[in-house]
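Colleague: structure for the following, please:
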Amino acid sequence: MKITILTLFPEMILPTLNASIINRAKEQDLVEFEIINYRVFSQNKHKTVDDTPYGGGAGMVLSVEPIYFALKSIEDYKSAYKVLLTPQGKTYNQKLANQFVKKDHIILICGHYEGFDERVREYVDAEISIGDFVLSGGEIGALAIVDSVVRMIPGAIGDKDSYINDSFYNGLLDYPQYTKPREFNGLKVPDVLLNGNHKLIEEWRKNKQIERTKIRRPDLYKKYQKNTK
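Modeller: Below is the predicted model:
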């Protein structure tokens, strides 16, 4: 799998790609990263990438030209899955992460300033938001997508069971987890986790997932009920 990130701030991206599971997947050649500073593709002598909006208004708008020419510099940009990070996009979730991990090449386009020239949208396949809040740019959103996708690449974290019970993967929140000591300040590990009966443990965990989701995320619980009928 290959992930290309178009950004004005590569220094925000690189440290995360060189740490933890993402770095391990990269070292194992499970994923290839390409970081492109699209300022390089600015078409003016001052290498600016934004300008004042036609019609007036506050802030600066990213030009279509540097993003377009940055995309064209990528050999397989036409067949790659091109994603624009924008507050106006579809809200990112685990279902989308499951779809993204099946792509051979994803291009993530990070914005900045007040917004994009509307014509940028003509060159992408999807528009994604990571939530109903505003960030200074798309870099944090791009990294969130990278982390959620890379961890599901076969071999990235070794054991598939490490993520198939994660929150949202099966439409439910994760079950409670415990480790040593068995008792701390009067708080004990549930007996069912200590008896070695794996069938009972799995039943307990599933029931706890359902219970926790119903209480904490009734919206997810309703979807889960609908999908299991």
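
Colleague: show me what the mean pLDDT comes to for stretch 70-77.
Modeller: Taken as a whole, stretch 70-77 carries a mean pLDDT of 97.

Colleague: also stretch 84-91?
Modeller: Predicted confidence along stretch 84-91 averages 95 (mean pLDDT).

Colleague: where does pLDDT dip in the protein?
Modeller: 159-167 (pLDDT under 70).

Colleague: max-length strand in the protein?
Modeller: For the chain, the strand with the greatest residue count under DSSP state E is strand 81-91.

Colleague: what about it, distance to the chain center?
Modeller: Relative to the centre of its chain, strand 81-91 is centred 11 Å away, using CA atoms, centre = their mean, to the nearest Å.

Colleague: tell me the buried residues in the helix or strand that that strand is followed by?
Modeller: Moving toward the C-terminus from strand 81-91, the first helix or strand encountered (DSSP states H and E) is helix 94-100. For helix 94-100, a neighbour-count test (16 or more other CB atoms under 10 Å) marks Gln94, Leu96, Ala97, Phe100 as buried. All C-beta spots, glycine's among them, are computed from the backbone N, C-alpha and C.

Colleague: hey, what's Ile109 bridged with?
Modeller: When assigned by DSSP bridges, Ile109 has beta-bridge partners Leu6, Leu84.

Colleague: so for the chain, the centremost residue is which one?
Modeller: Note on the chain: the residue nearest the mean C-alpha position is Ile145, at 1.6 Å, using CA atoms, centre = their mean.

Colleague: element containing that residue?
Modeller: helix 139-150.

Colleague: by neighbour count, which bits of that helix are buried? Give me those.
Modeller: Neighbour-count burial for helix 139-150 [16+ other CB under 10 Å]: Glu139, Gly141, Ala142, Leu143, Ala144, Ile145, Val146, Ser148, Val149, Val150.

Colleague: check stretch 217-224 too.
Modeller: If you call a residue buried by 16+ other CB under 10 Å, then stretch 217-224 has these buried ones: Arg217, Leu220, Tyr221, Tyr224.

Colleague: I figured the third one hits Ile210, correct?
Modeller: So that's Tyr221. Yes - contact status for Tyr221 versus Ile210: in contact at 7.5 Å, counting by CB atoms under 8 Å.

Colleague: off-centre distance for the top helix by length along the chain?
Modeller: Using DSSP state H to define each element, the chain has its longest helix at helix 198-216. For helix 198-216, the gap between its own C-alpha mean and the chain's C-alpha mean amounts to 26 Å (CA atoms, centre = their mean).

Colleague: swap in stretch 192-209?
Modeller: For stretch 192-209, the gap between its own C-alpha mean and the chain's C-alpha mean amounts to 31 Å (CA atoms, centre = their mean).

Colleague: number of residues surrounding Ile106?
Modeller: 22 (other CB atoms under 10 Å).

Colleague: what residues are up against it?
Modeller: For Ile106, the contacting residues are Met1, Lys2, Ile3, Thr4, Ala80, Tyr81, Val83, Phe100, Ile145, Val149, by CB atoms under 8 Å, 6 or more residues apart in numbering.

Colleague: buried members of the residues you listed into ChimeraX, please.
Modeller: Entered in ChimeraX, the line below selects the buried ones among the contacts of Ile106, by 16+ other CB under 10 Å:
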select :1,3,4,80,81,83,100,145,149
